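# Got a sequence here, can you build the structure:
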Amino acid sequence: MRIAVTYENGMIFQHFGHTEQFKLYDIENGKIVNTQIMDTNGQGHGALSGFLSQAQADILICGGIGGGAQVALQDVGIKLYGGVSGLADEAVDAYLSGKLDYNPNVHCSHHAHEHSCGEHHCNTDKHGCSGNEGE
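Reported below is the predicted structural model:
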């Protein structure tokens with residue numbers, strides 16, 4: 001199994017469509033056996049599901065993510081765990097131990113205008129990004 005996490009400086013990047021890196025975790029027998037960081041080369045919302053499919057990811061852990069990207073991931077068979085924040089490695093460990101705190105209704109609905117996602121504050125802004133707020 002391969003888990004992909006939106007990634008920046010050890011943390012889960014909070015806007016799927018703007019992530020510049022994914023950290024990939026290869027899992028065997030419930031344990032991490034290999035990790036690697038892959039640059040997305042700024043591919044953007046639509047192409048990232050294809051990027052993850054080509055990287056053979058089975059699962060995505062991320063912060064905010066729009067509905068179109070969720071459908072694209074579903075179409076390529078990648079299971080989504082959104083609305084997650086914190087350290088990427090800790091999130092994967094939590095997933096593997098069955099304790100990952102995620103939001104099954106995560107969404108990011110602000111794509112019509114610029115806002116602080118470019119500054120990596122989606123979970124705290126007022127522009128429609130939804131991570132763990134309210135949980």
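# Quick check: the gap between the residue located most distally from the centre of the chain and Gly66.
Within the chain, the residue lying farthest from the chain centre (C-alpha atoms, centre = their mean) is Asn29, at 22.8 Å. As judged by C-beta to C-beta, to the nearest Å, Asn29 and Gly66 stand 34 Å apart. In short, each C-beta sits where N, CA and C put it, glycine included.
# so where's the protein shaky on pLDDT?
Within the chain, the stretches with pLDDT under 70 are 42-46, 107-135.
# And the helices in it, which stretches?
Ranges of helices in the chain, per DSSP state H, are 45-54, 67-75, 88-96.
# for the ones you listed, which one ends up most surrounded?
Burial of the helices of the chain is given as mean neighbour count (mean count of other C-beta atoms under 10 Å); helix 88-96 ranks first at a mean of 19.
# Give me the contacts around it.
3, 5, 7, 10-12, 23, 25, 27, 30-32, 59, 61, 81, 84, 100-101 (C-beta atoms under 8 Å, 6 or more residues apart in numbering).
# so how far is it from its chain's centroid?
12 Å (C-alpha atoms, centre = their mean, to the nearest Å).
# for stretch 72-83, same thing?
Computed by C-alpha atoms, centre = their mean, the chain-centroid distance of stretch 72-83 equals 9 Å.
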